[in-house]
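Novice: The following block contains a protein sequence and its predicted model.
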Amino acid sequence: MAHRILIVEDDPAILRGLEMNLQVEGYATEVASDGAEALRIAEERPVDLVVLDVMIPKVNGFEVCSALRRRGSEVKIIILSAKATEFDKIMGLDQGADDYVTKPFALGELLARIKAHLRRLATPSAVRFGDVEVDLDERVVRRGGEEVSLTRREFDLLAFMVQRAGRALTRETILDAVWGFHYFGTDRTVDNFITRLRQKLDTSGKPRHFRTVRGVGYRFVPDED
C-alpha cells in the first residue's frame, strides 16, 4: 500500500507541483490550503507524513504541528517554509516537527527527506541500548538478560521515548502522549518517572540514555555520543 502524504500549502502553484511530483513517486496524496482543513483531514483520514507550510490561513503551521502532537499523533511532519531564521527552525522542531526545509527548496532534496522519514516508520519490535533489551510487542524489559519490573506507566514512557530516539521531547509533549490530554499533572510528574527509569535502566553514575535537555525536557540516546 502506498504511503499517504498530506500537503498543506496555500500557494496553488506549489501545492499542485508537490501533489503531481509526489504522485509520480508513487505516493497517495491529500491536500489542504489552510490549517483547519489540514487538522480535519488528519483526523478523518490517517496519513503517514505531512508536508506543512507555516504561513497558512486560519491555523498557522506551527499551531497545526502542536495540535497534532497534543492529539497523540506520531505522523512524520516536515515543515516547508519561507521562514528561514534559526528561531523559526527551533520553533518548528519544538512544536514537534521531524524536519524543517526552507523555501526556495530543491525538489530532489525534499523527496529524499520524505523517503528517509518514511523508512523510519518501520519501527522494530525490539529495541536495544546498553545492556537493555525492550520488547515493545510483549511489553517486557530485560537488563543483562534479567527481566526488569516496570509499572505500566513506566513502560509507556519508555516506549514513547525509545521510539523517538534523538528527539528533544518537551515535558508537555510527554505528559500529553503518555498520561493523556485530560491528566492534570505537572512537569514534576515527568521528572519523577524519568528518575525511575534512570534508576532501573541507566545506572552508570550519569544519565547515558535518558538525557536532560536544558529548558526543554528530555532526549533518549540509544548509544553514547
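Specialist: Thanks, I have the structure now.

Novice: Helices of the protein, start to end?
Specialist: 12-24, 35-44, 61-70, 86-94, 107-119, 152-162, 171-174, 187-201 (DSSP state H).

Novice: so of the ones you listed, which one's packed in deepest?
Specialist: Neighbour counts (mean count of other CB atoms under 10 Å) averaged over each of the helices of the chain peak at helix 61-70, with a mean of 22. C-betas here are computed from N, CA, C, even on glycine.

Novice: how about the helices of the chain, which one is nearest Tyr218?
Specialist: helix 187-201 (5.8 Å; CB to CB).

Novice: and the angle from that closest one to helix 152-162?
Specialist: Calculated by axes from the mean of the first three to the mean of the last three CA atoms, to 10 degrees, helix 187-201 forms an angle of 90 degrees with helix 152-162.

Novice: Give the other helices and strands that helix 187-201 contacts.
Specialist: Applying 3 or more CB pairs under 8 Å, 6 or more residues apart in numbering; DSSP states H and E, we find helix 187-201 packed against strand 140-143, helix 152-162, helix 171-174, strand 210-213, strand 217-220.

Novice: again, only this time at 6 Å
Specialist: helix 152-162, helix 171-174, strand 210-213 (3 or more CB pairs under 6 Å, 6 or more residues apart in numbering; DSSP states H and E).

Novice: lowest-confidence stretch among the ones you listed?
Specialist: When the helices and strands packed on helix 187-201 are ranked by mean pLDDT, helix 171-174 comes last with a mean of 87.

Novice: what sits up against it?
Specialist: Contacts to helix 171-174, defined as CB atoms under 6 Å, 6 or more residues apart in numbering, come from residues Arg69, Asp187, Val190, Gly217.

Novice: cool, and stretch 184-200?
Specialist: Outside of stretch 184-200, the residues within contact range by CB under 6 Å, 6+ apart are Val148, Glu154, Leu157, Leu158, Arg171, Ile174, Leu175, Trp179, Pro207, Phe210, Tyr218.

Novice: So for the contacts of helix 171-174, which is the shakiest by pLDDT?
Specialist: Asp187 (81).

Novice: how far away is it from Met91?
Specialist: Separation of Asp187 from Met91 (CB to CB, to the nearest Å): 20 Å.

Novice: Which of the helices and strands packed on helix 187-201 sits closest to Val31?
Specialist: By CB to CB (comparing all of the helices and strands packed on helix 187-201), the closest turns out to be helix 171-174, at 27.2 Å.

Novice: Where does the prediction get shaky in the chain?
Specialist: 1, 122-124, 181-182, 203-205, 224-225 (pLDDT under 70).

Novice: got the domain boundaries for it?
Specialist: Listed domain ranges for the chain are 4-119, 126-220 (source: automatic domain parsing).

Novice: and the longest one, how far from the chain's centre?
Specialist: Between the mean C-alpha location of domain 4-119 and the chain-wide mean there is a distance of 13 Å, by CA atoms, centre = their mean, to the nearest Å.
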